[in-house]
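Student: okay, predicted coordinates and the sequence, questions at the end:
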Number of protein chains: 2
Amino acid sequence: MQGSVLSGDDRLPKYMRLADSIRTEIALGKRRPGDQIASEAELAMHYDLAPGTVRQAIAILVDERILERQHGKGTFVRHPRFDSSMFRFFRFLGADGLDLEPESRILRRLLLPAPEHVAQALSIDVGADAIFMNRLRLVDSKPVLVEEIWLPLPRFSAFLEIEEREIGPLLYPVYDRECGQIVARAEEYLTAEAAGVEFSSILQIEPSEPVIVIDRIAYAYDDVALEWRRSRGLAKEFNYHASIR
Amino acid sequence: MQGSVLSGDDRLPKYMRLADSIRTEIALGKRRPGDQIASEAELAMHYDLAPGTVRQAIAILVDERILERQHGKGTFVRHPRFDSSMFRFFRFLGADGLDLEPESRILRRLLLPAPEHVAQALSIDVGADAIFMNRLRLVDSKPVLVEEIWLPLPRFSAFLEIEEREIGPLLYPVYDRECGQIVARAEEYLTAEAAGVEFSSILQIEPSEPVIVIDRIAYAYDDVALEWRRSRGLAKEFNYHASIR
DNA sequence: CAGTGGTCTAGACCACCGA
DNA sequence: CGGTGGTCTAGACCACTGC
C-alpha cells in the first residue's frame, strides 16, 4: 500500500495539515536547519495528494520563513540566523569604517530565582531557579551594549557547565550544540530611556545619555520560550528601519 | 472577440503581468481603496487565463497588502489606514486610562526651500520650494509629540490653501480629499536622542530627557514619494514591537 | 438562490541545477 | 541527463455571503 495518512483535525484543509505535519517534524528535530525535505512529487505520492496541494502547504512554511525553496535543487529547512538581528539596528563601526561584530565578555553567569516578568515570559514559576547571565559587548575595547539573559531549567542545565572560552559572541549556535535547543523566531520590544547610574558606568557614558532598551523573547519551532534577554545600547549608534503597509 | 491581452514584458510570467496590470490601475486611480475588483472568473475570462493563474496574481497583491479577499463577497482594494501607525508605538493614556488619539495643533505652515535630506527623499531639487508644516500633538492639553512635515510641489499646492480647521489630526485623508494623493505605504526610520533645548521647551520636559525620533517617508501606489515627516515623542511613552524569523 | 472566493485534482511543459 | 521547483491549464466541488 502507498499513501500515508495526514494526522490532525480532518476538518482542516489538507494543505494546512500537511504544513502542520512538516512543521512538527522540524520542531521534534527530525529535520534540522540545512536539511533537504522530500520533493514535492515525493510528498504528493506519500500523502496521496495532488501536486498543487503540496505546493500550497510548502508555500505556507516558506512564508513563515521555516522552509526555503531552491529552484532545481530542492526545498530546505531554513537556517534561522538572527542572533545578530541587533546588528540590523545597531551599526558599530570600527576605526576603518567597516561594520564590526562586537566582542563579548561574560560578567556573571549563575543560578538565580526568576523575577516575575522573566518567569511569565519563559512559562516557569516565579522565584524558580533559572540561569542568569550578564554580558558586555565591546567594539575596539569600548563597551557598546549590556545584556541580561535568562534561560530556563532544566532545558539549559548544560549551559552552566560550559567553559567560558567555548562561548563566542553568538549564543544561539551554543544553545543548539550544547543544549540541543534551536531558536526559530523571536519577539522584540523596544523603548528608550536615560542610561541611569548603573548602566552609564558600565557603558562609560553620562547617566543622562539615552540608551535603547530591547527586550527579546526567543522561541523554538514549537513555540516554547527558550530565552529572555534585555539589551541596552547607546542610542546614537542605533537606527531601526520598518516598512508599513 | 473575447480575451484582452496582458501588457508588459512577455518574458515575465502571466501571473506577474496580471498583478502589475491591476497594481497600475490602482496607482492611476482607476480603482480606489474600497472598490471591488472583477471576480476571479471574470478576470480569467477577460485575460483568457486559467483560474489558478488569476488566483496566483491576486495572491501577490494580497501579500503586498494592496488587495484583500472576502470569501463570498469579492476582492477589494484595501484601505491603507496607517496614519495612526505611530500609535502602535506610542501609547497615550488619558486620565481614564484609555488610549487617546492626540489632538493636533498646527504651529507653522509655509513654503520653504527643501533641505538636502528632504529633497533627496522626495526626489525634488535641493533648495526648491516645498510645503513645510510644524505640528504639535497633545493629550489632555499636554504636548507629547512634535512633527516636521514636508510636502512636494506642485502635487500638494492645494494643501496651502486649506483652512486650518478643515485639517484634523489625520492628514492622509486630507491629502486624498484635497490633493488627490493616496498614501499606500511608508518606510520608517527610528532612533533616540536627548531632547535638547529646542524640543525640550516644546515638549515641556528636561533637555536631557530622551526622545524617540521617527523619520517617515510615505509613498503612493506607484512608489512616488509623497511626504517626508520627522516626529519626536517622549521615549517613556514609547514601546515598539517586532517579530523576527 | 446566484455569485463569490477556497480547496483540490491531475496533469503538461518549462527553467534551473548538478553530476 | 535526471531531478528539482516554477508556470499554467481546465476543470470539480465546497463554503460563505447577500438577496
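Tutor: Looks like it arrived, so ask away. As the structure is a prediction and not an experimental result, all values here were calculated from the model. Numbers count the residues shown, from 1 in each chain, chains lettered A, B, ... in the order given.

Student: quick check: residues of chain A near DNA strand C?
Tutor: A:13-16, A:48-53, A:56, A:70-73 (CB under 7 Å from any atom of the strand). Heads up, the C-betas are built off the backbone N, CA and C, glycines and all.

Student: go with 10 Å
Tutor: A:6, A:10-19, A:40-41, A:44, A:47-57, A:70-74 (CB under 10 Å from any atom of the strand).

Student: need the residues of chain A near DNA strand D, please.
Tutor: Counting by CB under 10 Å from any atom of the strand, chain A sits next to DNA strand D at A:11, A:13, A:36-44, A:50-52, A:54-55, A:58-59, A:62, A:67-76.

Student: show only the entries of these found in strands.
Tutor: Here DSSP state E is the test, and those give A:67-70, A:74-76 as lying in strands.

Student: including neighbour count and pLDDT, could these go into CSV?
Tutor: Converted to CSV, those look like this (neighbours: other CB atoms under 10 Å in any protein chain shown; pLDDT from 0 to 100):
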residue, neighbour count, pLDDT
A:67, 22, 98
A:68, 13, 98
A:69, 14, 98
A:70, 9, 97
A:74, 14, 98
A:75, 20, 98
A:76, 16, 98
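
Student: next up, phi/psi of the closest residue to DNA strand C within chain A, please.
Tutor: Residue nearest to DNA strand C within chain A (CB to the nearest atom of the strand): residue A:72, separated by 2.6 Å. When read as degrees, to the nearest 10, the backbone of residue A:72 gives phi 90, psi -20.

Student: count the residues that sit near it.
Tutor: 4 (other CB atoms under 10 Å in any protein chain shown).

Student: look up how far chain B lies from it.
Tutor: 17 Å (CB to the nearest CB, to the nearest Å).

Student: tell me the phi and psi of the closest residue in space to residue A:20 that isn't next to it in sequence?
Tutor: The shortest distance from residue A:20 to any non-neighbouring residue, by CB to CB, 6 or more residues apart in numbering or on different chains, is to residue A:8 (5.6 Å). Note on residue A:8: its backbone torsions stand at phi 100, psi 180 [degrees, to the nearest 10].

Student: list the contacts of residue A:8.
Tutor: A:17, A:20-21 (CB atoms under 8 Å, 6 or more residues apart in numbering or on different chains).

Student: which one among those gets closest to residue A:204?
Tutor: Distance to residue A:204 across the contacts of residue A:8 (CB to CB) is lowest for residue A:20, with 50.0 Å.

Student: how about the host helix or strand of that closest one: buried residues?
Tutor: Following DSSP states H and E, one finds residue A:20 within helix A:14-27. Within helix A:14-27, the residues scored as buried using 16 or more other CB atoms under 10 Å in any protein chain shown are A:14-15, A:17-23, A:26-27.

Student: what of stretch A:149-164?
Tutor: Buried, per 16+ other CB under 10 Å, within stretch A:149-164: A:149-153, A:155-156, A:159.

Student: out of the residues you listed, which comes closest to DNA strand D?
Tutor: Of these, the one sitting nearest to DNA strand D (CB to the nearest atom of the strand) turns out to be residue A:155, at 32.5 Å.

Student: hmm, residue A:181 and that closest one touching each other?
Tutor: Yes. Shown here, residue A:155 and residue A:181 form a contact pair, counting by CB atoms under 8 Å, at 6.2 Å.

Student: shared neighbours of the two, anything?
Tutor: Common neighbours of residue A:155 and residue A:181 (CB under 8 Å, 6+ apart) are residue A:226.
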